[in-house]
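J.: The following comprises the amino acid sequence and a computationally predicted model.
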Amino acid sequence: MTILHDFDLTRHTTFHVPARAQWFAEYDNVDELIEILSDKRFSGMPRLHIGGGSNLLFTKPFEGLVLHSSMKKVKMEKLSDTRILVHAESGLNWDTFVRHTIAEGLYGLENLAYIPGETGASAVQNIGAYGVEAKDHIYTVDTLDTLTGDMRTFQADECAYAYRDSMFKHTNGRYIVTGVSYLLSRNPAFTLDYGPLKELASDPDLTAMKVYEKVVDIRRSKLPEPDELGSAGSFFKNPVVTAGKYAALKQTYPDMPHYDAPDGVKIPAGWLIEHAGLKGFRIGGAEVYPRQCLVIVNTGNATATDITSLYSHVQHTVRSKYGIDLHPEANII
Ligand code: EPU
C-alpha cells in the first residue's frame with residue numbers, strides 16, 4: 001500500500017490539469033483498503049475514490065483522502081460450455097481487460113474497445129459505446145460497504161443501471177467497487193448497428209478482434225489520444241428531450257440526428273454544440289475538440305478555470321439556441 005501526503009494528482013487524470021490531494025492512498029488488496037479506511041488520520045475526512053481519472057476534473061485542491069485501487073487480478077468461471085463469467089478486480093485497465101477477454105475467445109466487450117479508465121469504474125459509470133453498454137454484460141459487482149465494513153455483492157439488476165448512470169453514483173461513496181463479473185459468451189454474437197460497424201456484418205469470418213480493431217480505428221479518428229491530448233472523453237451526456245420538444249426542434253432543424261430513448265428522444269450533444277457554431281471554440285488552453293464537439297480538450301496548459309468557463313459557455317450557448325440543458329458526463333470536483 002502507498003499513502004502520500006499533499007499528492008500531485010495531475011498524472012492521475014486524463015485532463016492533465018494540475019490538481020492536488022491532501023492525502024492519496026493506493027491499496028493492493030481489500031485488507032489494505034479496510035486498513036486505510038480505519039486509519040485515524042482520515043476519520044471524518046471527505047473521501048473520493050478514483051479509477052483511471054478519465055472522467056474527472058478537479059477545480060480546486062481536494063482537502064481529503066483520494067483512494068485508488070491497484071488490484072488487477074482476473075479469474076474465469078465456466079457457467080456452461082458457452083457462458084463464461086470473467087471477474088476482474090477494480091484497478092485493472094479497462095482496455096487491457098477487454099483485450100484479455102478477446103484473447104480468451106470470448107464475445108461481448110469488443111465494442112467497448114479502447115475506452116480509457118479502469119474496470120471498477122466501468123460498473124459505476126456504465127460506460128458505453130457503439131451500441132453496447134457495460135450493463136449489458138455485467139453479472140455482479142463486488143463492493144466494500146464502507147458503512148458496515150462488510151463486503152457486499154450486487155446483482156446487475158440491483159445497480160439501477162441507466163445511461164452513464166448507476167446506483168453507485170447516488171449513494172455518496174458508500175460502496176467501493178472492488179471487482180466486477182462480466183458474463184461473456186463463447187458464441188459469436190455481434191452488435192453492428194452503429195453506422196461504420198455495419199459494413200462488418202457481411203464478413204463471414206468476423207471475429208471479436210476484427211470488431212475491436214474497427215472500433216479502435218473509429219475512436220482514433222474522432223477522439224483525442226488520451227496520452228497526447230488531455231480530455232475527459234465526452235464532456236457532456238447526450239440530452240434526452242420529450243417527444244413534443246423534439247417535434248418542435250425538428251421543424252427548425254430537420255437534419256438533427258436523434259435516437260429513441262426509454263424516456264424520450266436522445267439528441268447528440270456534439271451535433272448541438274457544432275451547430276451552435278462552437279467547433280474549435282477556445283477559452284485559454286481549453287478547446288471544443290473540432291473532430292468531436294462533445295469533447296473538451298486541454299491543448300497544453302489549460303487551467304480548471306479555462307475548462308469550467310468553456311463548458312459554462314457551451315451550456316449557455318446551447319440553452320439559448322435550442323432550449324436544451326447539457327449536463328456534464330465528467331465528474332467535476
Ligand atoms: N455529431 C456532430 N458533430 C460533432 C459530434 C457528433 O454533428 O461534433 C453528430 C454525428 O455526426 C452523429 C451524432 O452526432 O450523427 C453522434 O455522434 P457520435 O456517433 O460520434 O456519438 P456521440 O453521441 O457524440 C456517444 C458517446 C461516446 C461514444 C459514441 C459512440 C456519450 C456522451 N458519448 O457519442 O462515448 O463513443 O457515442 O457510441 O454518450 C464517452 O462517453 O466518453 C464517449 C466517447
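T.: Alright, I've got the coordinates.
J.: drop to CA atoms for contacts and neighbour counts, all remaining ones
T.: Noted.
J.: And the strands in the stretch 101-250 of the chain?
T.: For the stretch 101-250 of the chain, the strands defined by DSSP state E, counting those that start in this stretch occupy 128-129, 132-133, 138-145, 151-155, 175-185, 230-234, 240-241.
J.: now the ones you listed in a markdown table, with mean neighbour count and distance to residue 264?
T.: As requested, these are exported to a markdown table (neighbours: other CA atoms under 10 Å; distance: least, CA to CA, whole Å):
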| stretch | mean neighbour count | distance to residue 264 |
| --- | --- | --- |
| strand 128-129 | 16 | 19 |
| strand 132-133 | 22 | 19 |
| strand 138-145 | 21 | 25 |
| strand 151-155 | 14 | 27 |
| strand 175-185 | 24 | 29 |
| strand 230-234 | 25 | 21 |
| strand 240-241 | 20 | 6 |
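J.: Tabulate those in JSON lines, adding columns for mean pLDDT.
T.: Shown next, in JSON lines, are those (pLDDT from 0 to 100):
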{"stretch": "strand 128-129", "mean pLDDT": "96"}
{"stretch": "strand 132-133", "mean pLDDT": "97"}
{"stretch": "strand 138-145", "mean pLDDT": "98"}
{"stretch": "strand 151-155", "mean pLDDT": "98"}
{"stretch": "strand 175-185", "mean pLDDT": "98"}
{"stretch": "strand 230-234", "mean pLDDT": "94"}
{"stretch": "strand 240-241", "mean pLDDT": "96"}
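J.: so can I have TSV of those strands showing distance to the ligand?
T.: As requested, the strands of the stretch 101-250 of the chain are arranged in TSV below (distance: least, CA to the nearest ligand atom, whole Å):
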stretch	distance to the ligand
strand 128-129	3
strand 132-133	8
strand 138-145	18
strand 151-155	24
strand 175-185	19
strand 230-234	4
strand 240-241	11
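J.: Let me see the domain layout of the chain.
T.: Residue ranges for the domains of the chain, per automatic domain parsing: 2-69, 74-221, 225-332.
J.: Pull the distance from the shortest one to the chain's centre.
T.: From the chain centre to the centre of domain 2-69 is a distance of 18 Å (CA atoms, centre = their mean, to the nearest Å).
J.: can that domain be found next to the ligand?
T.: No: Domain 2-69 lies out of reach of the ligand by CA under 6 Å from any ligand atom, never closer than 7.9 Å.
J.: first to last residue in that domain, what's the distance?
T.: 10 Å (CA to CA, to the nearest Å).
J.: what's the spatially most central residue of the chain in contact with, if anything?
T.: Centroid check for the chain by CA atoms, centre = their mean gives residue 127 as the closest residue, at 4.6 Å. Neighbouring residues of residue 127 by CA atoms under 8 Å, 6 or more residues apart in numbering: 133-134, 164.
J.: who wins for proximity to residue 295 among the strands of the stretch 101-250 of the chain?
T.: Counting by CA to CA, residue 295 lies closest to strand 230-234 out of those; the figure is 4.7 Å.
J.: what about residue 299, how many neighbours?
T.: Neighbourhood size, residue 299 [other CA atoms under 10 Å]: 19.
J.: Show the pLDDT at the residue lying closest to it once chain neighbours are set aside.
T.: The shortest distance from residue 299 to any non-neighbouring residue, by CA to CA, 6 or more residues apart in numbering, is to residue 285 (5.3 Å). Looking at residue 285, its pLDDT reads 96.
J.: Show the contacting residues for residue 285.
T.: If you count contacts by CA under 8 Å, 6+ apart, residue 285 has them with 298-303, 306-307.
J.: Same check on residue 143?
T.: So residue 143 contacts 151-154, 175-179 (CA under 8 Å, 6+ apart).
J.: Can you lay out the contacts of residue 285 as TSV showing pLDDT, distance to residue 264 and secondary structure?
T.: Compiled in TSV, these are given as follows (pLDDT from 0 to 100; distance: CA to CA, whole Å; DSSP: H, G, I helix; E, B strand; the rest coil):
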residue	pLDDT	distance to residue 264	secondary structure
298	96	33	strand
299	96	35	coil
300	92	38	coil
301	93	39	coil
302	95	36	coil
303	95	36	coil
306	97	33	helix
307	96	30	helix
